[in-house]
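# here is my input; please provide its structure:
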Amino acid sequence: MSLWKRISSHADCEQRMAAYYNKKGLYDLRLCLAPWIEDRIMSEQVTPNSTDQLEQVAHRFNEDLQQKLLSTRASDQLLKYRLVELCALIQRIPALELYTHLRSGLQKELQLAAEKSVVVAAAGQSMPLNHYNMNNPAVAAAAVGMNGSYMESNDLFGVTGSGSSPASVGMSTGGIMHNVSGNVTPASMCMVAPKVELYEISNQISAAYHNFTAMTESLKILAQTYSYMLSNASNAPEAETMFKRLFEEKAAIVVSLRRSFMYYERLQDMVITELKNWRRQQALAGNGAQFSENMLDEIQLCFESLETFVTHLLAAVKEAGLVRLMKDDQELTSMYEQLLVAQKNLVCSAFIVDKQPPQVMKTNTRFAASVRWLIGSQLGIHMNPPTVECIIMSELQAQRFVTRGTHVDVTHSSLAGQSSGEIQNCSSTMEIQSNGKVFSASFRNMQLKKIKRAEKKGTESVMDEKFALFFYATATVNEYQIRVWTLSLPVVVIVHGNQEPQSWATITWDNAFAEIVRDPFVVTDRVTWCQLSVALNTKFGSSTQRALTTENLDFLFEKLQRDSIAGERNEYISWNQFCKEPLPERTFTFWEWFFAIMKLTKDHLLSMWKAGRITGFINKAKAHDDLMRAVTGIGTFLLRFSDSELGGVTIAYVNEGGSVTMLSPWTARDFQILNLADRIRDLDMLRCLHPTDINVQPLDRDLAFGDFYTQRPEPTPRVDGYVPSTIRVQVRTSGDTGSISGTPHHPMQSPPQDSMSMGNYSPRSGIMIDNVPSVATTFYNMDDSDSDDGTVARELENYVINTQPDDPVLVEGAFWVVPLTESGSDFAMADFDTMQNFDLFYIFGIYIVVACVLIFAFVKRQKRTN
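Sure, this is the predicted structure:
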């Protein structure tokens, strides 16, 4: 029964709540989505304790509510119209106002339900309280029975008598809640996160166990009386009366045992749910979300308390079964079997992976992981510690194990041939830590040597294929052998570094959108932008140490839009849009672009990004408009991530003509030569940094980037006769007749006729080297070439043959060498006393190089033919 149904069963309560909700026109919404609203608000994982946090929770609730209304199927036309009106209504009400009004309404309903429960209980009747696990005894006092009926709070907390006061069930008539520790909390604050805190669960376990132990005294008396009756039955004239009394006492004890077991089951479900939530948080931590591993210690305390509870329950049921007043006691036998199953579930659920392996796993690379048994020391397993084995399983194999159930036979022999790969150092013996609390097995030096892949379907790639590490062990618990196993989070296996970006797309999507309980490793292929924006923000923020702003996220959302009518926004983003389909007019996907920017920022722009000096996520058109409207005028600039080049950052600035110039993007390779701040320092036309999302005021260039400049050493003459050089950035703008942006504006002298000229300048930015002669040489870059040696040889051969003595000089990456001095007579590649015989040396050198290339190609071809 939902909370609203319990309220509507009392006309006065329903009338009061209807008046409350109608203040904002939300009464129909409360009626239409009663169970959903209760579940949604009461399932918040974190209690809003600040205005910002409350606003975030409210916005998420508002978006989920709209989606729920849109997905609700109406049975008649009138209801359809009403749903449309409700959608319009919640769009008009601010998200925070809507959420707080509904949340306060639930608080009032809980108070009314509790008050009605107390009044009815005082009359000797039974009315169930709210079944949600609120953080107070009054609301947590109700539990659902095995047949769906409810027990009274007095039965659960061991309160005797029907005339209990409101305080005995945690509620005072003055609207004050008394928590377990005795602190008094205003009733307006009682509706905190419905997810019960672990300490509260622990307190409930302790209270239930205390009530159970009080009942065991009656059980001992029963056993003694039964023993006396057996030994003196023939002599006692009141034997029949004694038998009836024993029968009634045993029936009462069996009822108490059943109640204790029902309460135990509910508490066990709550603890296991907390563990599943912890594992879900562990998955989100794989995307960079904050994660407290210390919570596992608190969960372990609950597991240990439950293990003590169930062990004593088993002993009590077994002892009660010895009092045989009937030929066959089916109820106690059934309860004992159910307790054994519950204990086995508890023990198996406590076996987890506490340190996950890397989720993008490269073959022949060492990695570590560890598993932990939360109640191993409690059961005495540490006295004879088991050995944990590990294999790697495909998604299909993992699904088969989960389908077969929790307690399948996982002996080593049964798993022979089940592994999808070969792992070295895949076994470890469990041991208890020095603190005596943690019972775990560490795998510090594992290595995946081989992997077996399944056949691919359609457009699937190896980066889409998920595996998992399967850990298993066998131990003896309470005279029976139990086999436990657990799966790691999904992993993607790669063999080359260029597979890493797409692999991280698979892992990021799975970590963000997987359900808490699912078949391995099923995940939706379509999510809302609200969900995806949280995942992207978490991933980028954890990697770069600064979260994305609303403007950044809006830009990313627009970038993901495809095939949408102008003015319409598709709120759902598919897996294919995320990482499979290329962006419009691009050869790469959204994820490839996003991942490259994230890596560039982390590796080369981290300090400037954290300081808010980089605008980053802004398109070219908006950057142009913002700069044209800038009040600081000429020299105003901003830094944005390139739309056309993976992992590129570019500078847009207002030039001397009053228009906007966009520099060609720089990538990580460029920043390995000279960092971004030093490049900005070299460009004199950059004067004022345009405001960003973080820095709302324009900043002088040197004030904005001065902390990130590297100190250039003063040039000192070298004793070996060489002239030292430094690297600087320069920009040749179109239409220039000789001046170079970023360099001193003075006439440049033409080089002598017998030296090589510079040729034409590229419109992109470049590098200049101070204090070098105007002669350099050209190199063919083969660092990133994927061609074979023969192709390289042919390219080099053609290049050398076509080279002329007066060709322009290039440097790797299309950087230009600009002379700043006429001094120096050393040739860049070889020392010549004079340049008079340069033509002779040049031609002779060409013939030598061509001969070497031809010989190399001939030898290569002979090897292939042989």
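
# rest of the way, CA atoms for contacts and neighbours
Fine.

# in the stretch 401-550 of the chain, where is pLDDT below threshold?
Within the stretch 401-550 of the chain, the ranges that satisfy pLDDT under 70 run 405-414, 416-417, 478.

# quick one, strands of it?
421-424, 427-429, 431-432, 439-451, 467-477, 480-487, 492-494, 526-528 (DSSP state E, counting those that start in this stretch).

# now render those as a markdown table, adding distance to Thr273.
Shown next, in a markdown table, are the strands of the stretch 401-550 of the chain (distance: least, Cα to Cα, whole Å):
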| stretch | distance to Thr273 |
| --- | --- |
| strand 421-424 | 32 |
| strand 427-429 | 28 |
| strand 431-432 | 25 |
| strand 439-451 | 21 |
| strand 467-477 | 21 |
| strand 480-487 | 16 |
| strand 492-494 | 27 |
| strand 526-528 | 24 |
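
# most packed of those?
strand 492-494 (a mean of 22; mean count of other Cα atoms under 10 Å).

# helices and strands around it, which ones?
On a contact count with 3 or more Cα pairs under 8 Å, 6 or more residues apart in numbering; DSSP states H and E, strand 492-494 meets strand 360-362, helix 500-513.

# ok, which of those comes nearest Gly616?
Gly616 lies closest to helix 500-513 among these, at 20.2 Å (Cα to Cα).

# what's that closest one in contact with?
With contact meaning Cα atoms under 8 Å, 6 or more residues apart in numbering, helix 500-513 is reached by 283-284, 286-287, 359-360, 463-464, 490-492, 494, 521, 523-524, 527, 535, 579, 591-592, 595.

# out of those, which are buried?
283-284, 286-287, 359-360, 463-464, 490-492, 494, 521, 535, 579, 591-592, 595 (16 or more other Cα atoms under 10 Å).

# where helices are concerned, which of those count?
283-284, 535, 579, 591-592, 595 (DSSP state H).

# export those to JSON lines and tack on distance to Leu415?
Output for those, formatted as JSON lines (distance: Cα to Cα, whole Å):
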{"residue": "Ala283", "distance to Leu415": "27"}
{"residue": "Leu284", "distance to Leu415": "30"}
{"residue": "Ala535", "distance to Leu415": "36"}
{"residue": "Cys579", "distance to Leu415": "35"}
{"residue": "Trp591", "distance to Leu415": "37"}
{"residue": "Glu592", "distance to Leu415": "38"}
{"residue": "Phe595", "distance to Leu415": "38"}
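
# could you single out the nearest of those to Glu455?
Of those, the one sitting nearest to Glu455 (Cα to Cα) turns out to be Cys579, at 21.1 Å.

# quick one on the thing from earlier: nearest to Gln545, of the helices and strands packed on strand 492-494?
Of all these, helix 500-513 comes closest under Cα to Cα, at 17.6 Å.

# which of the residues in the strand or helix carrying Ile205 are buried?
Applying DSSP states H and E as the criterion places Ile205 in helix 198-232. For helix 198-232, burial by neighbour count (16+ other Cα under 10 Å) applies to 198, 200-202, 204-206, 208-209, 211-212, 215-216, 219, 222-223, 225-226, 229.

# equivalent analysis for stretch 28-43, please.
Taking 16+ other Cα under 10 Å as the criterion, stretch 28-43 shows 29-30, 32, 37-38, 41-43 as buried.

# residue ranges with poor pLDDT in the stretch 151-300 of the chain?
Scanning the stretch 151-300 of the chain for pLDDT under 70 picks out 151-197, 228-239.

# can you pull the buried residues of stretch 641-657?
Within stretch 641-657, the residues that qualify as buried are 641-643, 645-655, counting by 16+ other Cα under 10 Å.

# closest to Asn277 out of the residues you listed?
Looking across those and measuring by Cα to Cα, the closest to Asn277 is Gly647, at 35.8 Å.

# just the pLDDT for that closest one.
pLDDT recorded at Gly647 is 96.

# again, but for Lys355
96.

# count the neighbours of it for me.
16 (other Cα atoms under 10 Å).

# what do you get for Ala251?
Ala251: 12 surrounding residues under other Cα under 10 Å.

# in a helix, it, correct?
Yes - counting by DSSP: H, G, I helix; E, B strand; the rest coil, Ala251 is part of a helix.

# against Leu340, how distant is it?
As judged by Cα to Cα, to the nearest Å, Ala251 and Leu340 stand 22 Å apart.

# try Arg92
55 Å.

# for Met463, same thing?
Distance from Met463 to Leu340, by Cα to Cα: 43 Å.

# same check on Phe555?
For Phe555, the distance to Leu340 - Cα to Cα - is 56 Å.

# how about the residue positioned nearest the centre of the chain, nearest residue that isn't a chain neighbour?
Nearest residue to the geometric centre of the chain (Cα atoms, centre = their mean): Leu284, 2.6 Å. Nearest non-adjacent residue to Leu284, counting by Cα to Cα, 6 or more residues apart in numbering: Asn511, 5.6 Å away.
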